[in-house]
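>>> how would this look folded up:
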Amino acid sequence: MKSNVNNIKSFQDIGWLKLDNAANLFPAISSNDLTSVFRITASLKTPVRYSVLREAVEITSKRFSYFSVSLGSGLFWHFLEYNNQMPRIQIEEKVPCTAFAFKRKNEPLYRILAKGSRISVEFIHILTDGGGALEYLKSLLYTYLTLTGIRINSPGDIILPDTPVSEEELQDSYNKFFRKMPPPAKLVRAWHLPFKLDERPRLKVIRAEINVDQIRETAKKYNVSITEYLISVYLFSLQKIYISVKSKKQKYRVLRIEVPINLRNKFKSRTMRNFSLFMLPEIDMRLGTYTFEEIVLSVHHQLMLSSDTKQISRFLSSNVSYEKLLFVRILPLFIKKLAITAIFRNLASKRWTGLITNLGLITLPQEMEEMIEYFELIPPPPNLKLKVGSAIISFKNKLRITFCNITLSNELERLILKHLSDSGIHVKILNNK
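The predicted structure is shown next:
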C-alpha cells in the first residue's frame with residue numbers, strides 16, 4: 001500500500017487521471033435531462049450549521065482530492081483533470097440531480113447541498129458510484145459532527161481526514177480484475193412503460209418510508225432477502241400494467257429490471273471510483289402470466305446465478321474488452337462519443353424495463369447514529385425509455401424508497417406501495433420536500 005504522500009502527490013503532479021471503464025459512458029450520454037447525477041442525503045436531528053459545514057467540507061475534500069477534478073478532453077479519450085477546488089456548497093434545490101456544466105474547469109464534478117437539517121452530496125457517475133459517494137458522505141458527517149463537539153470514540157471503517165490515501169482508492173478496478181472470458185448471452189429488447197412523458201422539468205420524486213423489521217419478516221416468509229422481495233414486487237406491478245395495456249400485439253414482451261451491485265466486496269477492492277455492474281432479473285410474458293410466488297422464486301434463483309463471481313466476470317470482461325480493442329483506442333474522441341451515444345440509445349437503454357438500486361443498511365458509530373434521523377438515496381433521472389427508476393437505503397429501522405419519474409402517471413409507484421401495504425407492511429408516504 002502506498003502512502004498519502006507517494007500516491008496523491010504523483011496524481012497532483014501529473015494533473016490528470018484516466019476515466020475508469022464505467023465512467024467512459026457518461027460524458028457521451030449526459031444531458032440536461034439525462035444528467036447521470038445521483039444524490040445521497042443524511043438528515044440530522046438538529047439544524048445544519050453552515051459555517052461548520054463549510055469547514056467540514058474543506059477538511060474532507062482535501063482528503064478526497066481525487067474528486068477535485070473536472071472533465072478534460074484529449075484527442076482520443078476524456079480524462080479527469082485535477083483542479084484543487086472545493087465542491088460547490090449550495091441550498092438544496094427543488095429538482096434534485098441537476099446537470100453539471102462539463103465546460104467549467106474551476107469546480108469539481110460533485111456538490112454539497114444543505115437545507116434545514118439535511119446534508120446531501122450529489123455526484124456525477126463520471127467520478128464514482130453510490131458506494132464511493134457514501135464513503136465520502138460518511139467521512140464528511142464524521143468531520144462535521146466532530147467539529148460541533150460530538151466525541152466519536154470508535155470511528156470504525158469511516159475514512160478519516162488524517163489517514164493516508166491508498167493506491168487502491170484511485171484504481172480502475174474494472175481493468176485490474178479484467179480477464180478475457182466468453183461474453184454473456186445476448187438480451188432481447190425489453191417492454192417499456194406506456195406512460196406519456198411529463199412537460200419539462202419532468203423529474204418528480206416520490207418518497208416512502210417502510211419499517212425494516214416488517215419488510216424483513218415478510219421477505220422471510222418467501223425465504224428471500226429484502227432486495228429480492230422488492231424486485232419481485234416491482235416485476236409483479238409491471239406485469240399488472242403490461243396486462244392492462246389494451247393492445248395485445250406488443251412487440252416486446254420481456255419485463256426486465258436493472259439491479260446495480262457493488263463489486264468491492266466481491267473482488268476485495270477499496271477503489272473510490274466506479275466499481276459496480278448490474279444483474280438483470282426478468283419475466284417473459286410470452287410464457288404467460290405469473291403469480292407473485294412464481295416471480296419471487298424466479299427472482300431468487302436468477303439473482304443467485306447472476307451474483308456468482310464467474311458470471312459477473314463475464315459482464316466485466318465484455319465491458320472492458322471493447323475499451324482494449326486497437327481500432328477503438330485509435331478512434332478520435334468525437335467519433336467515440338457518436339458511437340457510444342448511438343449504442344446507448346439503440347441498444348443499452350432498451351434492454352430493461354425498470355431500475356432498482358439498493359445501497360443497503362448504513363451502519364455508523366453509535367455517537368453518529370444518535371445524531372442522524374435517516375438516510376435517503378435518489379437515483380439519476382431515468383432515460384426516455386426507462387421513464388421510472390427507484391432507489392433504496394436503510395438506516396436503523398427505517399427503509400426509504402424513492403422513485404424518480406418523468407411521466408404523467410404514478411401508477412407503477414402506486415401498485416408497488418399498495419402491494420407492500422396489502423402485505424401487512426406499514427408504508428408511510430412522505431412529502432416531496
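>>> residues in contact with Ser349?
383-386 (C-beta atoms under 8 Å, 6 or more residues apart in numbering). Placement of C-beta: from N, CA and C, glycine included.
>>> ok but it is inside a helix, no?
Yes. Per DSSP: H, G, I helix; E, B strand; the rest coil, Ser349 lies within a helix segment.
>>> show me how far stretch 21-37 is from its chain's centre.
13 Å (C-alpha atoms, centre = their mean, to the nearest Å).
>>> in that stretch, which residues are buried?
Within stretch 21-37, the residues that count as buried by 16 or more other C-beta atoms under 10 Å are 21-30, 33-37.
>>> and that stretch, end to end?
17 Å (C-alpha to C-alpha, to the nearest Å).
>>> next one: stretch 37-54
Span of stretch 37-54 from end to end, C-alpha to C-alpha: 22 Å.
>>> distance of the residue nearest the centre of the chain relative to Leu331?
Nearest residue to the geometric centre of the chain (C-alpha atoms, centre = their mean): Gly130, 4.6 Å. Between Gly130 and Leu331 the computed distance is 31 Å (C-beta to C-beta, to the nearest Å).
>>> likewise for Asn223?
From Asn223 to Leu331 the distance is 49 Å (C-beta to C-beta).
>>> who has more neighbours, these two?
Leu331 (16 against 10; other C-beta atoms under 10 Å).
>>> show me the contacts for the more buried one.
76, 339.
>>> shaky segments in the stretch 1-150 of the chain?
Along the stretch 1-150 of the chain, segments meeting pLDDT under 70 span 1-13.
>>> how about Leu415, secondary structure?
helix.
>>> ditto for Glu217
Under three-state DSSP, Glu217 comes out as helix.
>>> which one among the contacts of Ser349 gets closest to Phe315?
Leu386 (19.0 Å; C-beta to C-beta).
>>> how many neighbours does the closest one have?
21.
>>> list the contacts of the nearest residue to it once chain neighbours are set aside.
Leaving out its chain neighbours, the residue that sits closest to Leu386 by C-beta to C-beta, 6 or more residues apart in numbering is Leu355, at 6.2 Å. Neighbouring residues of Leu355 by C-beta under 8 Å, 6+ apart: 257-260, 379, 382, 386, 388-390.
>>> that older thread, ok, and the most crowded of the contacts of Ser349?
Leu386 (21 neighbours).
>>> buried ones in the helix or strand hosting Ser139?
Taking DSSP states H and E as the definition, one finds Ser139 inside helix 130-147. Going by neighbour count (16+ other C-beta under 10 Å), the buried part of helix 130-147 is 130-146.
>>> ok, now how distant is Val57 from Pro201?
From Val57 to Pro201 the distance is 27 Å (C-beta to C-beta).
>>> give me the more crowded residue out of the two.
Val57 (21 against 13).
>>> look up how far Ser43 lies from the more buried one.
18 Å.
>>> got it, and His300?
33 Å.
>>> re earlier: what packs against the helix holding Ser139?
strand 37-44, helix 50-63, strand 110-115, strand 118-124, strand 254-262, strand 354-362, helix 366-369 (3 or more C-beta pairs under 8 Å, 6 or more residues apart in numbering; DSSP states H and E).
>>> if we use 6 Å, what do you get?
When contacts are defined as 3 or more C-beta pairs under 6 Å, 6 or more residues apart in numbering; DSSP states H and E, helix 130-147 sits against strand 37-44, helix 50-63, strand 118-124.
>>> export these to JSON lines and tack on distance to Ile158?
Shown next, in JSON lines, are these (distance: least, C-beta to C-beta, whole Å):
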{"stretch": "strand 37-44", "distance to Ile158": "13"}
{"stretch": "helix 50-63", "distance to Ile158": "11"}
{"stretch": "strand 118-124", "distance to Ile158": "15"}
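>>> so which of these gets nearest Ile215?
strand 37-44 (20.4 Å).
>>> how far does the closest one sit from its chain's centre?
12 Å.
>>> before we move on, what about stretch 75-87?
For stretch 75-87, the distance to the chain centre is 21 Å (C-alpha atoms, centre = their mean).
>>> about what we covered before: tell me the one among the contacts of Leu355 nearest to Ser307.
The closest of those, once distances to Ser307 are taken by C-beta to C-beta, is Val259, at 9.6 Å.
>>> quick one: the closest residue in space to that closest one that isn't next to it in sequence and Pro183, what's the gap?
Leaving aside its chain neighbours, Val259 sits nearest to Met279 (4.6 Å; criterion: C-beta to C-beta, 6+ apart). Distance, Met279 to Pro183, using C-beta to C-beta: 16 Å.
>>> who has more neighbours, the two?
Met279 (21 against 11).
>>> all set now, cheers.
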